[in-house]
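Undergrad: below: sequence and its predicted model.
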Amino acid sequence: MMGRTVTPHDRGWCVGIIFFILGLGTLLPWNFFMTASLYFQRRLNTTELSNNETEVVRKEYYFNNWMTLLSQLPLLLFTLLTSFLYQRVSEMVRIAGSLVFILLLFILTAVLVKVPMDEERFFSVTMATIWFINSFGAVLQGSLFGLVGQLPQKYSAIFMSGQGLAGTFAAVAMLLAIASEADSETAALGYFITPCVGTLLTLFSYLLLPRLEFAQFYLDRSGKYEAGTADELLKEDNPVENGKLNGHTNGSVPNSSPNKGDGPAEMELQSSPDKSKQAFLTLEPEEQKRGKASVVEVFKKIWVMAFCVTFVFTVTLSVFPAVTADVRTVFPGKWEHYFISVCCFLTFNINDWLGRTITTLFQWPGRDSRLFPVLVVSRVVFVPLLMLCNVQTRSYLPIYFPHDAAFTAIMAVFAFSSGYFACLSMSYAPQMVEPKDAETAGALMTFFLALGLSTGAALSFPFRAWV
Ligand SMILES: O=c1[nH]cnc2c1ncn2[C@@H]1O[C@H](CO)[C@@H](O)[C@H]1O
């Protein structure tokens, strides 16, 4: 067994920064792609068909509806597949492979900006691109949440924070496009080339990861830090010298927190090896040899967090952006051009990001607290609150909050709580299972995140109609 006695430090926060970039890099491409929706609609609305001499009708492609469907379907499918099958394909192939394909798809989309094409074909190619970007994006996210789940809890929060910043970047890009009065083609080129650069950077960051000692310690499967077999451990004087007894041996240590190297659990392992050794010796041989738990077993331990992340995103996506993007300002004039980008998209994304980032500093309520799901469920009040803002056009509901400031304030709390609770759920779940199952927990939680996004997106259609 290797003779390490101390958990390595994340020197210069390198691993933290890499996971932040990985988070940013997973959501940036798709966020930018969606921001270009105006460009796609322009290209699909050029020819006019006349059905008789007098009337001119445009072929309606329902671009946004198809985009929602063809992005959510592969996201659900492939996050689910990733949670069950991730062990069959190496992590390197899943992560680096997905990034390369996403890069290629964005290069293709950028090139197409300059290639003339008839509408029908353009529509088909775009829809296929949307499907594949989201398929690879799903594999990428599931794998990365699995990876980050094996690190101390703070790293999941850092990863989620990176994802949150992607939305802010997209909102700023949208504002820049409006302010510079760029035509839709130039704006689109910006929306497609930025993610190419972003994805390349993300790929390089990922490839750097195995070189860092801190990452090797938690993620390495080459055996450098492996604690050895059960037999070896029984012969060893100090079976927990690298603090990973309950992490990478074949056994599991009851009554010890799975929270590797992140606080009291680590202290206990390192300061009282005899206690842990005794705990290990009391295990049945079958238990010592047992491998990873099944997906269902993992689900039974994390179902509360799975429910929470699903619910958070269901509420969020049921009104954002379908309902909130139709709110109108009460101040006519130039401000009208900026109102939605600033008060809806920028406000949402900045506060979502703040909510996520603050969980690196404090986590409340705790992961076993009943209050946690109660607070998550109470977020439904934001649905009526936002519907009662100045959404136009409207058919049924009265307007209670006409003012821009009221709408912006509601958006801010709505987004902050969304980011805060989503991030806490995603970071708690891998800590509720044994370290050997943390990867399964992370991948499975990604599926529930996607389930929340899809359910919310589906509900947004009736909710918009009921305003
Ligand atoms: O694919 C995804 N993975 C994780 N989070 C996502 C994804 N798509 C959107 N959001 C999150 O949903 C909220 C509203 O857009 C934002 O918090 C955004 O980060």
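TA: In hand now; what should we look at?

Undergrad: can I see the domain layout of the protein?
TA: Per automatic domain parsing, the domain ranges recorded for the chain read 11-49+58-219, 227-289, 292-467.

Undergrad: contacts only, for the residue of the chain found nearest the ligand.
TA: Nearest residue of the chain to the ligand (Cβ to the nearest ligand atom) works out as D352 at 4.5 Å. In this view, the C-beta of every residue, glycine as well, is placed from N, C-alpha and C. Taking Cβ atoms under 8 Å, 6 or more residues apart in numbering, we find D352 in contact with 164, 167, 415-416, 418-419.

Undergrad: that older thread, can you tell me which of the domains of the chain the model trusts least?
TA: When these are compared by mean pLDDT, domain 227-289 comes last with a mean of 38.

Undergrad: need the residues of the stretch 1-150 of the chain near the ligand, please.
TA: The stretch 1-150 of the chain has residues 27, 141 near the ligand, with proximity defined as Cβ under 6 Å from any ligand atom.

Undergrad: tell me, how many residues neighbour G97?
TA: By the criterion of other Cβ atoms under 10 Å, G97 has 16 neighbours.

Undergrad: and if you look at M426?
TA: By other Cβ under 10 Å, neighbour count at M426 equals 29.

Undergrad: go on, N45?
TA: 14.

Undergrad: how near is the residue nearest to it when sequence neighbours are not counted to R328?
TA: Take N45 and drop its neighbours on the chain: the residue closest to it by Cβ to Cβ, 6 or more residues apart in numbering is R58, 5.8 Å away. R58 is 25 Å from R328, where distance means Cβ to Cβ, to the nearest Å.

Undergrad: which one's more surrounded, the two?
TA: Legend: neighbour count by other Cβ under 10 Å for R58 and R328, higher for R328 (17 against 11).

Undergrad: how about the residue nearest to the more buried one when sequence neighbours are not counted, what does it touch?
TA: Spatial nearest neighbour of R328, chain neighbours left out: Q392 (4.6 Å); criterion: Cβ to Cβ, 6+ apart. Contacts for Q392 (Cβ under 8 Å, 6+ apart) come out as 326-328.

Undergrad: reformat those residues as JSON lines; add secondary structure and distance to the ligand.
TA: Conversion of these to JSON lines gives the following (DSSP: H, G, I helix; E, B strand; the rest coil; distance: Cβ to the nearest ligand atom, whole Å):
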{"residue": "D326", "secondary structure": "helix", "distance to the ligand": "16"}
{"residue": "V327", "secondary structure": "strand", "distance to the ligand": "16"}
{"residue": "R328", "secondary structure": "coil", "distance to the ligand": "21"}
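
Undergrad: possible to save those as CSV with distance to S205?
TA: Formatted as CSV, those follow (distance: Cβ to Cβ, whole Å):
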residue, distance to S205
D326, 38
V327, 37
R328, 41
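
Undergrad: returning to that earlier point: of the contacts of D352, which is the most crowded?
TA: Of all the contacts of D352, G419 has the most neighbours under the rule other Cβ under 10 Å, reaching 28 neighbours.

Undergrad: what's in contact with stretch 196-209?
TA: Counting by Cβ under 8 Å, 6+ apart, 14-15, 18, 21-22, 24-26, 28-29, 95-96, 99-100, 102-103, 106-107, 110, 215, 219 sit against stretch 196-209.

Undergrad: just the buried ones from those residues?
TA: Among the contacts of stretch 196-209, those classed as buried by 16 or more other Cβ atoms under 10 Å are 14-15, 18, 21-22, 24-26, 28-29, 95-96, 99, 102-103, 106, 110, 215, 219.
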